[in-house]
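Engineer: Here is a sequence with its predicted model. Questions after.
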Number of protein chains: 2
Amino acid sequence: MSDQKINHDTRERILDVAERLFMARGYEGTSMRMITAGAEVNLAAVNYHFGSKEALLREVFRRRLGWLNRERLQVLDALEAEAAGVPLKPSQILEAFFGTLLRIGEDSSLGGMTFLRLLGRTLTEPAEFIRTFFASEYAEVIERYKQALFRALPDVPKAEIVWRLHFMLGAMSYAIAGTDVLRVVTGCELGDLAGEGAADGVDDPALARRLAQRLMPFLLGGLRAPLPSGLESQPSSLTSSSEGDAQDQTSNHLQEKQS
Amino acid sequence: MSDQKINHDTRERILDVAERLFMARGYEGTSMRMITAGAEVNLAAVNYHFGSKEALLREVFRRRLGWLNRERLQVLDALEAEAAGVPLKPSQILEAFFGTLLRIGEDSSLGGMTFLRLLGRTLTEPAEFIRTFFASEYAEVIERYKQALFRALPDVPKAEIVWRLHFMLGAMSYAIAGTDVLRVVTGCELGDLAGEGAADGVDDPALARRLAQRLMPFLLGGLRAPLPSGLESQPSSLTSSSEGDAQDQTSNHLQEKQS
DNA sequence: CTAACATTCAAACGAACGTTTGAACGAGAC
DNA sequence: GTCTCGTTCAAACGTTCGTTTGAATGTTAG
């Protein structure tokens, strides 16, 4: 078992190029010939090293998601250990979840903005095997953070928390991936958008920091918004089961006390 | 110019099937043979009636976006006329923008949930011509609502408003399109999620209503969240130009007074 | 009837797709 | 030297892609 990294040069070069191309053109929009040409390797190299195009995509993500999942669980563990039984504040949980993610964008050895944008965009890829893969990769972490949010907001219906977690994931995913729609929104008249276009453009690692700074307050505001009013007066079987608890509040159970 | 709807049967059937398939499998993942087989027309029919696959996709959207753009402008016009110079409340603007959109999901003649999900998913399609098309289709409406938000929140930096508009678009797009990630989030332990799975599943028009009810408070909460703290102390040239105004606030300029 | 027209059809086009093959290469062990 | 083994290579595999063609069809007008 000396060192098995005899020829990881080709492998890594393929992974790097695939990561960039999948980000820019999507899975179906990227051909093996684009990848191998970009990596300056033979066409057969992908199938030799990874087996198939699908397996290549999985490996592109596995290379990065290991760190992300580990770090997210670790940060949450540390927070909960430090709290010693006291429920965490929602802001702490969001910071752990989204802050850890956005740190990827600042560190090119973790994938940088390229992988961050790939991650955001791939969550909406329609291909079946991609969604299956992500479901299995994310399941444990999502579950842990969901439970943490349940404990942090005991008076909020769990279904509401799940919805809002979903909304937050969407805002983040979209914010990361959608440089184009952002340009549509901004470009109409406001081309300067606080540093956009400065430095290295969309690959600027500082962009991740700025993004986090903007995104976190938005997410927290959304998570702690007042509950929808007509929630309990829904006509049909809105509450199918196990939802009879704590559904009759109207406003500020969501305020976390400012420390 | 008698009536030019001699044979819109084939056209409409193709558009319906294409809409559904583009939603389920994406643009690149949908072949002309799937479309024509599903619509039970000849393979050449698409090229005969629409010219190309790209033109077909554009027509799929044009068929629906006309109403949406018209309605959105009209609702905003009505609101501003009624207000007679007084700035609108953010909640009114969001209701006009997102409420109009979500109404599509309740009305199958406007496209229903199928088109709504297609719309959400297509915003993140990587193909160049799709983004170009959307940019031109959305530009006017986005600009109008952006300006309305600027007037509604005069003390908030414009760049911040643009960012948050972007976040809101993302949360909505994702919430609509992402039934799968939602299932990952929910399916872990909470399979009942307040009516999910009831009635006709994801195509249930009532889902749009429930979604709107959940989404609007979240978006409002995010839009009116406190501004990020370290905004003005950014090291590099964060404010490149025309951003010297009203950037030094910290908290509650965003509260709209409750009426 | 015929002529003109819009539409449908089966068949084929060339290009691009992911994958496989079998020979060639090159370093290390014996 | 030879043999081995991991890797690279050019070439081809069979399939599917979007598009085009030209004849067949049905409808309408003169």
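Structural biologist: All right, it came through fine.
Engineer: In this structure A:Val141 contacts A:Gln74, no?
Structural biologist: No. Using C-beta atoms under 8 Å, A:Val141 is not in contact with A:Gln74; the gap is 10.7 Å. Where you see a C-beta, it was placed from the backbone N, CA and C, and this is true even at glycine.
Engineer: Of the two, which one has the most company?
Structural biologist: Taking other C-beta atoms under 10 Å in any protein chain shown, A:Val141 and A:Gln74 do not tie; A:Val141 has more neighbours (19 against 12).
Engineer: Tell me if the helix or strand hosting that one is near chain B.
Structural biologist: Using DSSP states H and E, A:Val141 falls within helix A:128-152. Yes. Against chain B, helix A:128-152 shows contacts by C-beta under 8 Å from any C-beta of the partner chain at A:Arg131, A:Phe134, A:Ala135, A:Tyr138, A:Ala139, A:Ile142, A:Glu143, A:Lys146.
Engineer: Let me know the next secondary structure element after that helix.
Structural biologist: Using DSSP H and E, the helix or strand that directly follows helix A:128-152 along the chain is helix A:158-177.
Engineer: Give the full set of residues in contact with A:Ala175.
Structural biologist: By C-beta atoms under 8 Å, 6 or more residues apart in numbering or on different chains, the contact set of A:Ala175 is A:Gly120, A:Leu182, A:Leu211, A:Leu215, B:His166, B:Phe167, B:Gly170.
Engineer: Does A:Gly29 lie in a helix or a strand, and which?
Structural biologist: Judged by DSSP H and E, A:Gly29 forms part of no helix or strand.
Engineer: roughly how far apart are it and A:Gly66?
Structural biologist: According to C-beta to C-beta, to the nearest Å, A:Gly29 and A:Gly66 sit 26 Å apart.
Engineer: Which one's more surrounded, those two?
Structural biologist: For A:Gly29 versus A:Gly66, neighbours defined as other C-beta under 10 Å are more numerous around A:Gly29 (18 against 11).
Engineer: Against B:Tyr27, how distant is that one?
Structural biologist: Counting by C-beta to C-beta, the gap from A:Gly29 to B:Tyr27 is 9 Å.
Engineer: Also A:Ala177?
Structural biologist: The gap separating A:Ala177 from B:Tyr27 is 16 Å, by C-beta to C-beta.
Engineer: And for A:Leu43?
Structural biologist: Using C-beta to C-beta, one obtains 25 Å as the distance from A:Leu43 to B:Tyr27.
Engineer: And the two? Which one has more around it.
Structural biologist: Neighbours per residue (other C-beta under 10 Å) separate A:Leu43 from B:Tyr27, with B:Tyr27 holding more: 24 against 12.
Engineer: Specify the local secondary structure of that one.
Structural biologist: coil (DSSP: H, G, I helix; E, B strand; the rest coil).
Engineer: what's the burial count for A:Leu102?
Structural biologist: A:Leu102 has 23 nearby residues by other C-beta under 10 Å.
Engineer: my guess is it meets A:Leu116, correct?
Structural biologist: Yes. Counting by C-beta under 8 Å, A:Leu116 is a contact partner of A:Leu102 at 7.4 Å.
Engineer: tell me, what's touching these two both at once?
Structural biologist: Common neighbours of A:Leu102 and A:Leu116 (C-beta under 8 Å, 6+ apart) are A:Ala208.
Engineer: Around DNA strand C, pick out the residues from the stretch 1-150 of chain A.
Structural biologist: Residues of the stretch 1-150 of chain A found near DNA strand C (C-beta under 7 Å from any atom of the strand) are A:Thr30, A:Ser31, A:Met32, A:Arg33, A:Met34, A:Leu43, A:Ala44, A:Val46, A:Asn47, A:Ser52, A:Lys53, A:Glu54.
Engineer: Arrange those in TSV, one row each, with secondary structure, pLDDT and distance to chain B as further columns.
Structural biologist: As requested, these are exported to TSV (DSSP: H, G, I helix; E, B strand; the rest coil; pLDDT from 0 to 100; distance: C-beta to the nearest C-beta, whole Å):
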residue	secondary structure	pLDDT	distance to chain B
A:Thr30	coil	98	9
A:Ser31	coil	98	11
A:Met32	helix	98	15
A:Arg33	helix	98	16
A:Met34	helix	98	13
A:Leu43	coil	98	21
A:Ala44	coil	97	24
A:Val46	helix	98	19
A:Asn47	helix	98	21
A:Ser52	coil	98	17
A:Lys53	helix	98	13
A:Glu54	helix	98	13
